[in-house]
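*Asks:* Provided below are the primary sequence and the corresponding predicted coordinates.
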Amino acid sequence: MTTTLPPLANLCESCEVLDLDDSAWPGDIEGSDTEGYHLGIVTEYLDSNRVKLDYFLLDSLPDLPCLSDAEQKGCDFCSVLKRAIQKYARDAFDQVVVQLFYQCPNSEESGDSGQSGIGIQSLVAQLLWIGYDENGDHLSRSSWLRFDMGSPPGPVAQWLRLESPPRDEALCAENVRMILSNVEQSNHIRSSEPGTVYPTRLVDVGVEETNVCRLIETHSDTTFEQSPDIPYVTLSYCWGSMDDSARQFKTERNSLHSRLSGFGIDQVSPSLHDAIRVTQALKIRYLWVDALCIIQDDDEDWDRESTRMSFVYQNATLTICAAASTSSQQGFLKRDRIATRIRFQSRLDEEVSGSYTLRLVGEVEEGFHAAVDSLSLILSHSYWGLRGWVLQEYELSQRALIFGKTKLHIITENGFQSESKETVETSECAPGTLYIKEAQNGYYREYLNFLSLIENYSTRMLSNRSDKLAAISGLANRSLSTYSREYLAGHMFPHIDLFWTALVAQSPTRLTRSVLIEQLQSRELYIAPSWSWASRNHLIAFGDGQSSLVSKESDFSDVRAECDIVESRVSLAGLNPFGGVKYGGSLVLRGAVVPLLLHVQLLPVLGSNIKLCRATEEGRYVADLNFDWNDSGDRESFEELSLVLIGSRKAEENLSWEPMKIVYEHEWDDNGVKIELDDEMETSPDAMPTVIVSGLPPRGHTGLRKERIIYHHYLHGASEDTRAAESIKAGYPPKGAARAQRRAPDKSVISTAPGLGTLENEDERYAYGIIIHPASELGKYLRVGVFLSVPREQGGLDYFRGRPVQTVEII
């Protein structure tokens, strides 16, 4: 099967900017007589590795009259651009602004000295969608259309370092040979545990071009009793909307018998249809797909099969990843034909002449998505790649066959090979490399991998919130299989992993404290106890949101529990020890509890929606606070809240804080003249954040306005040479002076707090814990945030010595 190139494009005057002038590009001719020459592109001077073209268009939706007119006059690129914009247009918008850029790869992929390994990666159209909502308010949204560039082997491909365009058919003979070659040259280690070699059920797809399939039960089929090495493949795909999911061809209790009897391939959903054809083309007889191989309306069967998920994917010959579709009602083999071909004549070397293709890949939400390679785009930014279940489906697999919108990729332990490429390239994204293989290196490595896994998982989407723990249970089982008894609703070591931060500041959805409290106590919305990360429906990070307590094995000796776990109660919803839990879980802690009667400063960062929260006592630092809500009033009361100490960490020798410049509201306007901020402060991403604070400066901080600085901690500190000098100038004592000025703790009651030890020879330690709020049920509490107290001024573990010890039940 060949690659059919689109006809050479006729271009209107506006689109003639696509006539690439290599003499105007930043870079020199590179290469040699033996290896050939190419255009060297220096990306370090480019904004986001892009070259902006002299192109601007404002057009009306939905008909796009400007592009339609140019299309009728014969401009092929205007025709392609029109089809691409209409494909992704939303009803709420009635105008679109278009600008064009040539995109070079990310600097991480570009090699040394800013010279890119691939020349020009894509053409991107930056779109600004403009419209009005139902209330007549202005709406705008930005997105990017990515058109990948390609050229068949020849002078243009060599000169611009372009990849070959994809083949016409995904399952052409060349692609099938490439897939089978990679499978044969890689290892496949199957589980030998009794009852785990094969899934409970598989779909027998027959031989190639067979149009009748049937569901089989492996435990009663003599074929599977006779051999432990029968190959089968699994399918990873998106179910889609609730309507699409309801229409999906599936197995239920009343249809089980008919599925076992057989069904036509024309009956199944489009995604399953394509998966059957791929399985047949690879000459593999059996396919596992959840919708058919699990009885969907049988809770016991679903629960039992979910406990086996890790073995289903591990033992599969490969996993088909339907990344090109967003629903079970979409196939993934048919390729989009929105493409054109542009002439190219080098101005630097007259012998370099030919053309390159522009093929629509799709819409991306962020500009940097246009700069990543096609495989990374699929794994990290596609709808399929962001689906919650996909994380374990991909990571548990030993080989992955990924069908993108324009190309397919086969990934094994040896690396990956993309369609139209002759070589296998090394890859850090092979299945199992992130969370499983390293787990063999020891207990702490397993745990660190698990924390990283949960942070990744929290970024992903789930159609059903009730799947929160189940959708990661197979991967948790593989990475923590020997520690299932310690697993509590996604947690293992409370004094470490209870310290997680809800990154709600990054969420566009506004969440108030009252709504949060209501949600955490709702039976209908219940997924896990409030202290579990699984109870939240947004990003989380272990630690305070900026640094983690443990990032390597040696860190564990620096961390210490400062409370006792009196009791933990979590009831499993089924048989899966890593699966969902029932309503009513709780954790009873005994330790130092401090009512939040401190002064809490809400520090809004200039130019951002983020509010930093800091607790002070008599004007001196105590702790930084992270609340689980992001919509706070300026006069919000915190008197109901309490700080519960759960652990401490040894401070680094060179403890440093990041400075933040403070501007008080009464100083923001001096006689009608606003304080001028430094240009560097406003433009440099590394400059100190500027925060606006109400009230008056605390005692002892009466220096000049532009010298007033507070400090924000680093858990993993850097040197603090200049910062120490700045802190003295601003009136804040550096590390050596901080201890002497603290309020002396009451030594008579120090020993009452669990784990706090004695003062003698005690190193400076961070203190950290959770923030609790009374629940509606008397005597019980909800976790609503975390705090970190750095050993500066009043802060650190010393602050909690001598505090009353209480027993609290957190639900």
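*Replies:* Yep, that arrived.

*Asks:* where along the stretch 101-250 of the chain do the strands fall?
*Replies:* All strands of the stretch 101-250 of the chain, identified by DSSP state E, counting those that start in this stretch, fall at 122-132, 138-150, 201-204, 212-217, 232-236.

*Asks:* out of those strands, which comes closest to residue 327?
*Replies:* strand 232-236 (13.6 Å; Cβ to Cβ). Every residue, glycine included, has its C-beta placed from N, CA and C.

*Asks:* find the centremost residue of this structure, please.
*Replies:* Using Cα atoms, centre = their mean, the residue of the chain that lies closest to the mean C-alpha position is residue 459, 4.2 Å off.

*Asks:* wait, that residue sits on residue 388?
*Replies:* No - between residue 459 and residue 388 there is no contact under Cβ atoms under 8 Å: 9.3 Å.

*Asks:* picking that back up, just name the most buried of the strands of the stretch 101-250 of the chain.
*Replies:* strand 232-236 (a mean of 25; mean count of other Cβ atoms under 10 Å).

*Asks:* and it, what's its mean pLDDT?
*Replies:* The pLDDT scores in strand 232-236 average 97.

*Asks:* so what touches that strand?
*Replies:* Outside strand 232-236, the residues that touch it by Cβ atoms under 8 Å, 6 or more residues apart in numbering are 198-199, 202, 271-272, 275, 278-279, 282, 284-290, 312-313, 315-322, 384, 389-390, 393-394, 397, 400.

*Asks:* how about the strands of the stretch 101-250 of the chain, which one is nearest residue 420?
*Replies:* strand 138-150 (8.1 Å).

*Asks:* what helices and strands are in contact with the closest one?
*Replies:* Contacting strand 138-150 under the criterion 3 or more Cβ pairs under 8 Å, 6 or more residues apart in numbering; DSSP states H and E are the following elements: helix 76-88, strand 93-103, strand 122-132, strand 353-364.

*Asks:* now do 7 Å
*Replies:* In this structure, strand 138-150 makes packing contacts with strand 122-132, strand 353-364, judged by 3 or more Cβ pairs under 7 Å, 6 or more residues apart in numbering; DSSP states H and E.

*Asks:* okay if I get the strands of the stretch 101-250 of the chain as CSV plus distance to residue 302?
*Replies:* Formatted as CSV, these follow (distance: least, Cβ to Cβ, whole Å):
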stretch, distance to residue 302
strand 122-132, 41
strand 138-150, 37
strand 201-204, 12
strand 212-217, 16
strand 232-236, 17
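
*Asks:* do you know which of those strands lies nearest residue 340?
*Replies:* The minimum distance between residue 340 and these falls on strand 138-150, with 8.7 Å, by Cβ to Cβ.

*Asks:* which residues does the closest residue to residue 361 other than its chain neighbours contact?
*Replies:* Sequence neighbours aside, residue 146 is the residue nearest to residue 361 in space, at 4.4 Å (criterion: Cβ to Cβ, 6 or more residues apart in numbering). Contacts for residue 146 (Cβ atoms under 7 Å, 6 or more residues apart in numbering) come out as 122, 124, 361-362, 364, 370.

*Asks:* beta partners for residue 146?
*Replies:* Beta-bridge partners for residue 146, by DSSP bridges, are residue 124, residue 362.

*Asks:* pLDDT at it, what is it?
*Replies:* At residue 146, the model reports a pLDDT of 94.

*Asks:* where do the helices sit along the stretch 351-500 of the chain?
*Replies:* 374-381, 388-396, 443-457, 473-479, 494-497 (DSSP state H, counting those that start in this stretch).

*Asks:* what sits up against the longest one?
*Replies:* What that stands for is helix 443-457. Around helix 443-457, the neighbours that count as contacts under Cβ under 7 Å, 6+ apart are 388, 391, 435, 438-439, 472, 475, 479-480, 490, 492, 497, 533, 540-542, 550, 553, 556.

*Asks:* before we move on, what about the second one?
*Replies:* Applying Cβ under 7 Å, 6+ apart, the contact partners of helix 388-396 are 236, 309-310, 313-314, 319, 321, 384, 400, 431-432, 434-436, 456-457, 460-462, 467, 471-472, 474-475, 478.

*Asks:* what sits against the closest residue to residue 379 other than its chain neighbours?
*Replies:* Among residues not flanking residue 379 along the chain, residue 385 sits closest, at 5.0 Å (Cβ to Cβ, 6+ apart). Residue 385 makes contact with 323, 378-379 under the criterion Cβ under 7 Å, 6+ apart.

*Asks:* against residue 67, how distant is residue 385?
*Replies:* Note on residue 385: its distance to residue 67, by Cβ to Cβ, to the nearest Å, is 31 Å.

*Asks:* same question, residue 580
*Replies:* Look at residue 580 and residue 67: by Cβ to Cβ, they are 50 Å apart.

*Asks:* for these two, indicate the residue with more neighbours.
*Replies:* residue 67 (26 against 21; other Cβ atoms under 10 Å).

*Asks:* need the pLDDT of the residue nearest to the more buried one when sequence neighbours are not counted.
*Replies:* Counting by Cβ to Cβ, 6+ apart, residue 82 is the residue found nearest to residue 67 once chain neighbours are left out, at 4.0 Å. The model reports residue 82 with a pLDDT of 97.

*Asks:* OK, contacts around residue 82?
*Replies:* 64, 67-68, 71.

*Asks:* which residue sits closest to residue 138 in space, ignoring its chain neighbours?
*Replies:* Counting by Cβ to Cβ, 6+ apart, residue 132 is the residue found nearest to residue 138 once chain neighbours are left out, at 6.2 Å.

*Asks:* the one you found against residue 139, yeah?
*Replies:* Yes - Residue 132 lies in contact with residue 139 (Cβ atoms under 7 Å); the separation is 6.0 Å.

*Asks:* residue 193 is nearest to which of the helices and strands packed on strand 138-150?
*Replies:* Across those, closest to residue 193 is strand 353-364 (Cβ to Cβ), at 41.3 Å.

*Asks:* which parts of the closest one are buried?
*Replies:* 354-364 (16 or more other Cβ atoms under 10 Å).

*Asks:* and residue 169, how many neighbours?
*Replies:* Residue 169 is flanked by 15 other residues according to other Cβ under 10 Å.

*Asks:* can I have the buried ones of the contacts of residue 82 as a ChimeraX selection?
*Replies:* To isolate the buried members of those in ChimeraX, using 16+ other Cβ under 10 Å:
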select :64,67,71
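
*Asks:* export the contacts of residue 82 to JSON lines and append columns for distance to residue 174 and secondary structure.
*Replies:* Output for the contacts of residue 82, formatted as JSON lines (distance: Cβ to Cβ, whole Å; DSSP: H, G, I helix; E, B strand; the rest coil):
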{"residue": "64", "distance to residue 174": "37", "secondary structure": "coil"}
{"residue": "67", "distance to residue 174": "36", "secondary structure": "helix"}
{"residue": "68", "distance to residue 174": "38", "secondary structure": "helix"}
{"residue": "71", "distance to residue 174": "34", "secondary structure": "helix"}
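
*Asks:* quick one: which of the contacts of residue 82 is nearest to residue 612?
*Replies:* Nearest to residue 612 among the contacts of residue 82, with distances taken as Cβ to Cβ, is residue 64, at 45.1 Å.

*Asks:* looking at it, that closest one is touching residue 85, isn't it?
*Replies:* Yes - with contact defined as Cβ under 7 Å, residue 64 counts as touching residue 85 (6.3 Å).

*Asks:* fine by me, we can end here.
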